[in-house]
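K.L.:
Fold the following and give me the result.
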Amino acid sequence: MSSGVITLFEDRKTKINLSHSQINDILFFKNLLGSQCISLDYDGSLQIMHYVGFISRGTTRVQILPKIYENAGISGTVEIRESTKVLYNLLRVSNYNKVLHLPESFKSGLEEIDLLEIFIGIFADRVFRTYSTKMNREYLEIEENSSFVKGKISFTKTMKHNLLRKDLHYVNYQSFEHDNVINNVVKTVAIRLMEYTRDAENKKNLKKALMFLDDAKQIELSLSLIQSVKFTRLNMEFESVFNMAKMFYLNLQPENFAGDESVFSFLIPVNDLYEHYLYKLFSEIDGYQAKHEDVRSFARAEGGRNVLRVKPDILIFKDNAIALVADAKYKNPCFNKGLYTNISREDIYQVFAYSKVYGVQKTALIYPLFDDIPSPISRVVLKDNDGEVELNILCVDIKNNNFEDVKAQLKAELLQESSG
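P.N.:
The predicted model follows:
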């Protein structure tokens with residue numbers, strides 16, 4: 001590939017011509033993530049399951065995008081571009097990574113879009129915007145042996161060390177400095193990313209941003225140093241850019257700043273990401289409240305020990321009562337000839353159990369809309385001796401970057417009052 005990035009689609013096997021070093025790097029990834037997540041065949045067919053995002057080591061970069069266009073008749077660069085937009089949209093709406101604060105849209109001059117380069121570009125822009133409007137300066141305590149008297153003289157040290165130099169004095173004073181931990185961390189990460197990026201525009205923007213940090217130092221980073229930083233009303237404007245620098249450090253560490261063979265990853269379980277996306281949509285619907293991953297016990301052993309628990313993805317409340325229990329399923333339910341043909345019995349049993357434990361008569365299984373194939377809501381009645389439970393099966397269009405459209409669909413199809 002022209003950009004040197006290996007692009008895969010989650011859970012799709014792709015045949016790739018890999019160099020010997022790339023094979024070694026991918027086998028290294030396999031040891032990290034487990035054989036259940038990475039499969040590499042002898043013919044070069046590579047498959048990564050359960051995750052989206054990117055992982056890199058040395059010169060090997062792999063990005064994993066959502067497999068959302070399985071049968072849409074698009075492939076190559078077009079599918080990469082559109083699937084990257086879907087992943088970006090899921091991250092932005094769900095706020096899954098609270099540090100990124102992704103803008104409404106991104107710009108990239110890359111022929112093949114690289115998610116890591118997008119993040120680097122956002123960081124470069126944030127450093128430039130933050131420091132071009134205000135410089136972060138802090139009062140630092142300085143002690144030095146000086147011929148100029150400023151601050152307080154330490155007479156004890158002066159007498160001890162300057163017995164023959166009557167022109168020198170040990171002084172303690174405060175100085176308003178650019179050379180402080182926040183600026184030093186931001187500068188060090190920016191320099192490391194400038195060495196790492198392959199995109200000329202990102203390199204140029206990082207250089208431009210670094211012009212504002214000339215008086216800061218490149219330092220040796222450590223987790224303890226980064227965690228020592230405290231924010232007050234005087235430096236709150238720099239918290240966002242610092243947290244993003246921290247994110248890059250954590251994804252590169254521990255040996256990340258000391259060579260080219262370290263692993264840099266930003267991998268997200270695709271099911272978790274989709275679940276957070278739906279939760280955020282439900283939580284923004286007026287008149288309702290959403291709760292994420294509530295845990296409830298429904299079986300106890302002798303002595304009161306809980307032995308069985310349920311944890312539905314999303315509970316929806318109206319007037320303090322549960323109106324709906326919903327589970328997010330990131331897979332293709334395969335709508336064909338008026339029916340969903342890929343709904344597992346286990347998923348139905350699961351939401352039925354939720355309805356019994358929580359005492360609610362309305363449940364939902366919510367899938368992404370694959371391939372833009374129209375797939376209307378399907379309602380199924382689940383019965384037992386205690387009565388009926390309504391199961392709603394529907395798809396939401398995660399390719400639609402209009403937050404309000406998708407939210408309106410969920411409200412209209414799942415939270416409307418039952419007729420009769």
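K.L.:
what's near enough to touch the closest residue to residue 279 other than its chain neighbours?
P.N.:
Excluding its sequence neighbours, the residue lying closest to residue 279 (Cβ to Cβ, 6 or more residues apart in numbering) is residue 292, at 4.7 Å. (C-beta placed from N, C-alpha, C; glycine too.) Going by Cβ atoms under 8 Å, 6 or more residues apart in numbering, residue 292 touches 275, 276, 279, 313, 314.
K.L.:
Could you grab the helix/strand/coil label for the nearest residue to the last one once chain neighbours are set aside?
P.N.:
Beyond its immediate neighbours in the sequence, the residue positioned closest to residue 314 (Cβ to Cβ, 6+ apart) is residue 326, lying 4.5 Å away. For residue 326, the reduced secondary structure class is strand; criterion used: DSSP: H, G, I helix; E, B strand; the rest coil.
K.L.:
ok, residue 326 - how many residues close by?
P.N.:
As a burial measure, residue 326 scores 25 neighbours (other Cβ atoms under 10 Å).
K.L.:
Please list all residues in contact with it.
P.N.:
278, 282, 312, 313, 314, 315, 316, 363, 364, 365, 366, 414 are the contacts of residue 326 under Cβ under 8 Å, 6+ apart.
K.L.:
Show me which of the residues you listed are buried.
P.N.:
Buried members of these, counted by 16 or more other Cβ atoms under 10 Å: 278, 282, 312, 313, 314, 315, 316, 363, 364, 365, 366, 414.
K.L.:
what separates the first one from residue 394, distance-wise?
P.N.:
Meaning residue 278. Distance from residue 278 to residue 394, counting by Cβ to Cβ, to the nearest Å: 11 Å.
K.L.:
residues shared between the contacts of these two?
P.N.:
Joint contacts of residue 278 and residue 394 (Cβ under 8 Å, 6+ apart) are residue 366.
K.L.:
which one of the contacts of residue 326 is nearest residue 344?
P.N.:
residue 365 (9.5 Å; Cβ to Cβ).
K.L.:
got the contact list for the closest residue to that closest one other than its chain neighbours?
P.N.:
Nearest residue to residue 365 in three dimensions, chain neighbours excluded: residue 393, at 5.1 Å (Cβ to Cβ, 6+ apart). By Cβ under 8 Å, 6+ apart, the contact list for residue 393 reads 333, 340, 343, 364, 365, 367, 377, 378, 379, 380.
K.L.:
for residue 13, same thing?
P.N.:
Contacts of residue 13 (Cβ under 8 Å, 6+ apart): 39, 41, 45, 46, 47.
K.L.:
likewise residue 196?
P.N.:
Applying Cβ under 8 Å, 6+ apart to residue 196 gives the contacts 120, 264.
K.L.:
now residue 382, what's its secondary structure?
P.N.:
strand.
K.L.:
Over to the spatially closest residue to it that is not a sequence neighbour. Which of the three states is it?
P.N.:
Taking Cβ to Cβ, 6+ apart, and ignoring the residues beside it in sequence, residue 382 has residue 389 as its nearest neighbour in space, at 4.3 Å. Recorded secondary structure, residue 389: strand (three-state DSSP).
K.L.:
related to what we said a few turns ago, ok, the one helix or strand the residue nearest to residue 365 maps to: who's next to it in the sheet?
P.N.:
In this structure, residue 393 sits in strand 387-396 according to DSSP states H and E. For strand 387-396, the paired strands and their directions (DSSP bridges) are strand 362-368 (parallel), strand 378-384 (antiparallel).
K.L.:
Reformat the ones you listed as a markdown table; add distance to residue 5 and mean pLDDT.
P.N.:
Shown next, in a markdown table, are these (distance: least, Cβ to Cβ, whole Å; pLDDT from 0 to 100):
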| stretch | distance to residue 5 | mean pLDDT |
| --- | --- | --- |
| strand 362-368 | 24 | 95 |
| strand 378-384 | 39 | 89 |
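K.L.:
for those, which one sits closest to residue 24?
P.N.:
Of the strands paired with strand 387-396, nearest to residue 24 by Cβ to Cβ is strand 362-368, at 34.6 Å.
K.L.:
what comes into contact with that closest one?
P.N.:
Applying Cβ under 8 Å, 6+ apart, the external contacts of strand 362-368 come out as 66, 68, 274, 278, 323-333, 343, 347-348, 351-352, 354-355, 389-398, 410, 414, 418.
K.L.:
Likewise for stretch 342-351?
P.N.:
312, 325, 327, 329, 331-334, 363-365, 380, 382, 391, 393.
K.L.:
rewinding a little: just the buried ones from the contacts of strand 362-368?
P.N.:
66, 68, 274, 278, 323-333, 343, 347-348, 351-352, 354-355, 389-398, 410, 414.
K.L.:
Helix, strand or coil: sort out residue 69 for me.
P.N.:
Assigned with three-state DSSP, residue 69 falls in the coil class.
K.L.:
just checking, it touches residue 79?
P.N.:
Yes: between residue 69 and residue 79 there is a contact under Cβ atoms under 8 Å: 5.4 Å.
K.L.:
re the thing from before, can you turn the buried part of the contacts of residue 13 into a PyMOL selection?
P.N.:
Selecting the buried subset of these in PyMOL, with 16+ other Cβ under 10 Å as the burial test, is done by:
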select buried, resi 46+47
